[in-house]
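Visitor: Pasting the sequence and the predicted coordinates here, then a few questions.
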Amino acid sequence: MKYSILEFFRGAECLIQTAQDARCTEQGSRYKEQGDRYAAHSSRCKASGARCMALCVLSLLLLSSGISAQTIVEKIVPTKASGEGVVYYLPRTSFIINAEVTKISVKAGVYYKYAERYLGIKNVATEDRVYYELGAVTLENKGVPDVDNKYRIEFRQKTVAPFVYLTADGLLCAINEEYVPETKAAAVRQEQKSVTGSPSSVYTEDLLMAGSVARQAEIAAKQIYHLRDSRTDILTGDADNLPPDGEAMKIVISKLEEQEKELTKLFVGSETREKSYFDVSIIPEDELDREVLFRFSSKLGILDDNDLGGEPVYINVKSVERAPELDAKEAEKKAKAMAKGVIYNVPGKALVEIIYNNKALFKKEMPFVQFGTREVLAPVILEDKKEPVKVVFYPETGAIKQISK
């Protein structure tokens with residue numbers, strides 16, 4: 001029996017719609033139950049002893065291009081009301097770990113039993129299921145104010161036009177120098193969801209007369225082969241009615257491929273992928289060895305660190321460069337020297353590693369304030385009337401970036 005392309009479009013769309021209609025109610029209730037369980041896991045948080053940890057779900061709907069992340073700073077000019085000085089904090093290192101998780105919902109095709117017989121395809125989905133995959137894990141080194149290291153910059157009358165830039169939470173950025181925060185391209189953290197399309201309902205005589213599922217599968221397979229033949233005829237120029245131009249040919253070929261893809265799903269099944277992002281923050285006071293950040297399960301996704309339903313994701317923090325210990329005499333001498341002036345950090349270095357199932361998801365050396373020490377800039381450098389010293393700092397570590405006149 002010969003069919004036109006239009007008739008096969010209609011037959012394909014009808015067959016797909018018939019197979020999908022019976023599943024809508026069951027699919028909706030199942031996704032709601034899974035969504036409720038997933039939300040329950042993402043709402044927990046915990047704080048423990050020497051570290052601070054928070055687990056939260058970030059579902060950020062952004063544009064398809066990157067956005068800019070910029071530190072907010074404020075220029076402060078000391079006045080008599082403020083005692084001719086400015087109070088600031090030195091930071092300590094915190095880590096913000098971001099994990100990408102993909103939820104994959106697999107739906108078996110209604111004709112999966114006939115996939116090998118009619119299409120020669122093996123290993124197709126035979127039942128509906130949901131599972132999760134752990135994707136990229138990133139780490140941000142972020143400075144947070146250390147309340148135990150609060151200082152005051154005093155400007156005397158000899159100082160020429162003194163001013164200071166601080167972040168919104170009081171971290172030191174610059175003295176006597178205009179400060180422009182570095183603009184970092186923030187990773188696009190868009191919750192992505194790919195959903196199978198639903199073709200319109202158009203019925204054909206063959207489909208309506210099919211008396212069994214096996215017969216429907218046979219008709220669907222014939223339509224798939226006919227669509228392939230039609231595409232080949234158009235590409236080789238053997239079709240009776242060729243598209244009038246190249247653009248029309250692209251449209252027709254695209255439509256044929258779309259119909260074939262949707263019909264094939266009735267045999268091999270389909271899947272929906274949803275990406276979400278989870279943040280964990282931690283402030284290590286010293287080295288860490290296999291500290292559990294969170295747990296991950298292929299059945300449940302991200303879990304709290306104390307939930308044994310998943311495998312642990314560890315963080316290791318090892319000292320690479322640490323400031324030497326001072327004896328009592330040296331410590332007293334340094335304390336006197338730091339009584340006046342601008343105190344700043346000299347960070348140490350740490351090797352940070354995140355491990356899951358004995359595989360390193362992240363490994364990098366980075367500045368680490370808790371392994372470092374503090375030094376002082378003598379106040380005399382701020383008293384040059386002709387050429388005031390300009391100092392720029394790294395606000396995330398409190399270290400000096402640049403000194404100039």
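Guide: Cool, the structure landed.

Visitor: okay, Asp169: pLDDT?
Guide: Asp169 is assigned 89 on the pLDDT scale.

Visitor: oh, I was asking about Phe278
Guide: The confidence metric pLDDT takes the value 95 at Phe278.

Visitor: Please apply the same query to Thr25.
Guide: On the pLDDT scale, Thr25 gets 46.

Visitor: The one helix or strand Lys349 maps to: what's the following helix or strand?
Guide: Taking DSSP states H and E as the definition, one finds Lys349 inside strand 342-356. Once the chain leaves strand 342-356, the next helix or strand it forms, by DSSP H and E, is strand 359-377.

Visitor: Do I have it right that Glu396 meets Val144?
Guide: No: contact criterion CB atoms under 8 Å: Glu396 and Val144 do not qualify, at 9.2 Å. From N, CA and C alone the C-beta is placed, and that goes for glycine too.

Visitor: who does the longest strand belonging to the chain pair up with?
Guide: In the chain, with assignment by DSSP state E, the single longest strand is strand 129-154. Looking at strand 129-154 with DSSP bridges, its partner strands are strand 85-107 (antiparallel).

Visitor: and Val380, which of the three is it?
Guide: helix (DSSP: H, G, I helix; E, B strand; the rest coil).

Visitor: before we move on, the earlier item: how far is the helix or strand that the longest strand of the chain is followed by from where the chain is centred?
Guide: As assigned by DSSP H and E, the chain's next helix or strand after strand 129-154 is strand 164-167. Centroid displacement of strand 164-167 relative to its chain, using CA atoms, centre = their mean, to the nearest Å, is 30 Å.

Visitor: Return the set of buried residues in strand 164-167.
Guide: Using 16 or more other CB atoms under 10 Å as the test for burial, strand 164-167 gives Val164, Tyr165, Leu166, Thr167.

Visitor: can you tell me how far the first one sits from Gly372?
Guide: The spacing between Val164 and Gly372, counted by CB to CB, to the nearest Å, is 22 Å.

Visitor: repeat for the third one
Guide: Relative to Gly372, Leu166 is positioned 21 Å away (criterion: CB to CB).

Visitor: same check, this time on the last one
Guide: Using CB to CB, we find Thr167 at a distance of 19 Å from Gly372.

Visitor: Glu396 and Val144: who's more crowded?
Guide: Neighbours were counted for Glu396 and for Val144 using other CB atoms under 10 Å; Glu396 has more, 21 against 17.

Visitor: Could you check how far the nearest residue to that one once chain neighbours are set aside is from Pro367?
Guide: Distance criterion CB to CB, 6 or more residues apart in numbering; nearest residue to Glu396, sequence neighbours excluded, is Gly143 at 3.9 Å. According to CB to CB, Gly143 stands 9 Å off from Pro367.

Visitor: anything in contact with each of those two?
Guide: Thr93, Thr397 (CB atoms under 8 Å, 6 or more residues apart in numbering).

Visitor: Tell me which of those two has more neighbours.
Guide: Gly143 (24 against 21).

Visitor: That one reaches Arg92, doesn't it?
Guide: Yes: using CB under 8 Å, Gly143 is in contact with Arg92, at 7.0 Å.

Visitor: Now the common contact residues for those two.
Guide: Shared contacts of Gly143 and Arg92, counting by CB under 8 Å, 6+ apart, come down to Val369.

Visitor: ok so, going back, who's in contact with the residue nearest to Glu396?
Guide: Taking CB under 8 Å, 6+ apart, one finds Pro91, Arg92, Thr93, Ser94, Leu171, Val369, Pro395, Glu396, Thr397, Gly398 in contact with Gly143.
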